[in-house]
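S.K.: Build me a model:
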Amino acid sequence: MRSSLRFVSVAAIAAMLAAVPGSAQKTTGPKERYEMDVATASGFAAMTAGGRKPGVGGMMGMMFGGGPDNQVARTIELRLGANQPPTKPPVRADHFFQPQAKLGASLPLWGPEPGKPAPRDDGNEMPDNFERPKGRLLLYWGCGAKAGPGQPVVIDFAKVAAGQVPPNLFTSTVPRIREVMASNSASYAGWPNGKSSKAVPKDSSLIGAHRIAGNVGPEINFTLAQDYMPALNASTAMQGDGSVMIRWNALQPATGYVAWAFGGMDRGGGNSDMIWWTSSASQQFGGGLWDWLPPATVGRLVTQKIVMPPAQTSCQIPAEVKKASGEMMFGNLNAFGPEANFSYPPKPAGNAAWNIDWTAKVRFRSHTMLMIGADFGGMGAPSDNNPTEPAKKKKKCKGPLGIPLPDGAC
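M.R.: Just a heads-up that it's a prediction; the model follows:
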């Protein structure tokens with residue numbers, strides 16, 4: 001007969017381990033660590049969520065004025081790390097769901113094939129088709145009608161040594177937090193993977209019991225009370241002063257928001273200016289601001305005005321940013337959400353050794369992608385300029401540092 005389990009939050013574990021040296025409790029483990037990242041994507045982000053390409057139906061809807069507002073997708077990423085080898089390679093595990101998840105009996109986690117190196121997964125990996133950056137990068141930050149003092153910061157890549165990332169480009173204040181990686185685990189498995197991937201149904205629910213069983217350690221069991229976050233519905237409007245107002249719906253579970261946008265203009269001669277703006281009150285770009293962050297970290301960043309507070313529902317892109325970007329900008333809005341932490345077994349009383357078998361973390365966020373300056377109601381109409389001229393081959397869209405952006409981003 002299985003005894004009932006009591007779960008302890010990872011935050012509580014950290015607090016307990018911070019006890020004074022005289023009363024410190026010896027701990028071992030955890031033998032296994034599990035992370036589950038849950039996201040709700042809307043707008044253009046929904047059309048490219050999970051690596052999918054924009055469907056014909058979605059594109060047709062935009063052409064006839066439907067816009068991407070009704071596009072919503074849910075995504076799940078699963079990662080299992082252990083400090084011991086599998087009973088039989090390769091590393092293999094299954095995440096078992098309740099029927100309301102509508103994901104089948106389980107999702108299979110697979111590890112790298114034996115003998116094959118694991119890909120870099122610390123958040124600093126570059127795409128295979130990465131190209132050396134050209135032209136200039138102009139950095140702007142802060143919400144408001146006008147850009148603040150000292151802006152833009154201009155980075156001329158012609159003056160930067162090959163392969164050298166300009167200093168202070170990406171944030172060091174907000175690192176990407178990923179506790180379970182192939183690089184820090186003796187055994188690792190994840191989903192989606194090369195053998196299994198699927199779209200998460202729109203009516204899926206994660207509330208209820210979850211069980212993870214594999215060949216690298218004990219079973220992991222926890223019960224979720226949280227579900228997917230609601231979708232972000234963001235809109236943009238040009239202002240009389242040339243700035244752009246972004247507005248969005250308040251999400252009850254959100255702990256904070258951050259927005260950013262890309263734009264660009266060709267200066268001729270093969271050179272171009274790439275514009276990068278963020279809603280942070282200081283020069284903070286990339287890192288964990290693009291990802292999941294713990295509520296405590298978000299709370300600190302709200303105080304530092306790096307992240308917008310959960311009550312805020314609008315932000316103004318300065319006029320200088322829009323002017324420098326040209327007609328089209330590619331924008332993102334990220335809503336950080338709650339986090340659920342579990343561990344087993346519970347902490348024993350007194351100073352008895354605490355041998356932790358496993359920890360599990362479930363992170364939530366909602367994000368949306370939008371085109372600033374796009375008129376989707378007119379996408380189906382013929383152009384007034386040279387209507388009989390054949391369409392030119394579209395160049396691959398790239399963001400700062402030449403990083404490719406999703407289809408339709410520019």
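S.K.: Buried residues, the helix or strand hosting residue 297. List them.
M.R.: Using DSSP states H and E, residue 297 sits within helix 295-303. For helix 295-303, a neighbour-count test (16 or more other C-beta atoms under 10 Å) marks 295, 297-299, 301-302 as buried. For the C-beta atoms, the positions are set from N, CA and C on the backbone; glycine is no exception.
S.K.: got a list of what the residue nearest to the spatial centre of the chain touches?
M.R.: Nearest to the geometric centre of the chain sits residue 291, at 3.3 Å (C-alpha atoms, centre = their mean). Counting by C-beta atoms under 8 Å, 6 or more residues apart in numbering, residue 291 touches 123, 176-178, 365.
S.K.: any idea how far it lies from residue 146?
M.R.: Here residue 291 is placed at a distance of 30 Å from residue 146 (C-beta to C-beta, to the nearest Å).
S.K.: can you pull the pLDDT of the residue lying closest to residue 208 once chain neighbours are set aside?
M.R.: Nearest non-adjacent residue to residue 208, counting by C-beta to C-beta, 6 or more residues apart in numbering: residue 98, 4.0 Å away. Residue 98 carries a pLDDT value of 97.
S.K.: and residue 98, how many neighbours does it have?
M.R.: Residues lying near residue 98 (other C-beta atoms under 10 Å) number 16.
S.K.: hang on, isn't it packed against residue 209?
M.R.: Yes. Under the criterion of C-beta atoms under 8 Å, residue 98 makes contact with residue 209 at 6.2 Å.
S.K.: Next, count neighbours for residue 339.
M.R.: 22.
S.K.: what bridges to residue 366?
M.R.: Beta-bridge partners for residue 366, by DSSP bridges, are residue 40, residue 335.
S.K.: how much space between it and residue 225?
M.R.: 18 Å.
S.K.: And these two? Which one has more around it.
M.R.: Legend: neighbour count by other C-beta under 10 Å for residue 366 and residue 225, higher for residue 366 (27 against 9).
S.K.: For the more buried one, give me the pLDDT.
M.R.: 97.
S.K.: Residue 39 is in contact with that one, correct?
M.R.: Yes. With contacts counted by C-beta under 8 Å, residue 366 reaches residue 39, the gap being 7.0 Å.
S.K.: Report the set of residues contacting both of those two.
M.R.: In contact with both residue 366 and residue 39: residue 229, using C-beta under 8 Å, 6+ apart.
S.K.: show me the contacts for residue 248.
M.R.: Residue 248 neighbours (C-beta under 8 Å, 6+ apart): 232-235, 257, 313-314, 333, 368.
S.K.: Am I right that residue 363 sits in a strand?
M.R.: Yes. Assessed with DSSP: H, G, I helix; E, B strand; the rest coil, residue 363 lies in a strand.
S.K.: Next, work out how far apart residue 111 and residue 363 are.
M.R.: Residue 111 sits 21 Å away from residue 363, taking C-beta to C-beta as the criterion.
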